[in-house]
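[1] here's my sequence, what's the structure:
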Amino acid sequence: MSFWSAMVAIVAIIAFTAARMARYRAGLGDPPRRASILGATAEAISASTSPRETELQREVEDLRQRIAVLERIATEDRHGKAIAAEIESLRST
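    Numbers count the residues shown, from 1 in each chain. Just a heads-up that it's a prediction; the model follows:
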């Protein structure tokens, strides 16, 4: 085997190893995670969620609704002083 053949073999081994490591890190090597990545049904994914995850999803939804209200307040066509007065009245309650 010549020097250059050995170099090509070494580079091929390193590339193969790097590809395998990237695949493993992406979760394609782990069967449960592979199912979710490759398009498992929503029911199968929701069945595997913990109560804590469900609680966090509800909290995120509540926060999204609050943000929507704040965006509506900020974008309404009112004067700045009226908005500031409304915010201050909300702070006091």
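
[2] at which residues are the helices of the protein located?
    Defined through DSSP state H, the helices belonging to the chain, from first to last, are 3-25, 31-37, 42-47, 51-75, 80-92.

[3] what is the least confident helix or strand in the chain?
    The weakest-scoring helix or strand in the chain, judged by mean pLDDT, DSSP states H and E, is helix 31-37 (a mean of 53).

[4] could you export the helices of the chain as TSV, including mean neighbour count?
    From N, CA and C alone the C-beta is placed, and that goes for glycine too. Written out in TSV, the entries for these read as follows (neighbours: other Cβ atoms under 10 Å):
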stretch	mean neighbour count
helix 3-25	10
helix 31-37	12
helix 42-47	9
helix 51-75	10
helix 80-92	9
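
[5] worst average pLDDT in these?
    Of all those, helix 31-37 carries the lowest average pLDDT, namely a mean of 53.

[6] alpha carbons of stretch 4-24, as PDB, please.
    The C-alpha trace of stretch 4-24 is given here as PDB (Å, rounded to 0.1, in the frame of the first residue of the first chain):
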ATOM      1  CA  TRP A   4      -1.300   8.100  -0.700                       C
ATOM      2  CA  SER A   5      -3.500   5.100  -0.600                       C
ATOM      3  CA  ALA A   6      -3.100   5.000   3.200                       C
ATOM      4  CA  MET A   7      -4.000   8.800   3.400                       C
ATOM      5  CA  VAL A   8      -7.200   8.200   1.400                       C
ATOM      6  CA  ALA A   9      -8.100   5.300   3.600                       C
ATOM      7  CA  ILE A  10      -7.500   7.400   6.800                       C
ATOM      8  CA  VAL A  11      -9.600  10.300   5.400                       C
ATOM      9  CA  ALA A  12     -12.400   8.000   4.500                       C
ATOM     10  CA  ILE A  13     -12.400   6.500   8.000                       C
ATOM     11  CA  ILE A  14     -12.500   9.900   9.600                       C
ATOM     12  CA  ALA A  15     -15.300  11.100   7.300                       C
ATOM     13  CA  PHE A  16     -17.300   7.900   8.000                       C
ATOM     14  CA  THR A  17     -16.800   8.400  11.800                       C
ATOM     15  CA  ALA A  18     -17.800  12.100  11.600                       C
ATOM     16  CA  ALA A  19     -21.000  11.200   9.700                       C
ATOM     17  CA  ARG A  20     -21.900   8.500  12.200                       C
ATOM     18  CA  MET A  21     -21.300  10.900  15.100                       C
ATOM     19  CA  ALA A  22     -23.500  13.600  13.500                       C
ATOM     20  CA  ARG A  23     -26.200  11.100  12.800                       C
ATOM     21  CA  TYR A  24     -26.100   9.900  16.500                       C
END
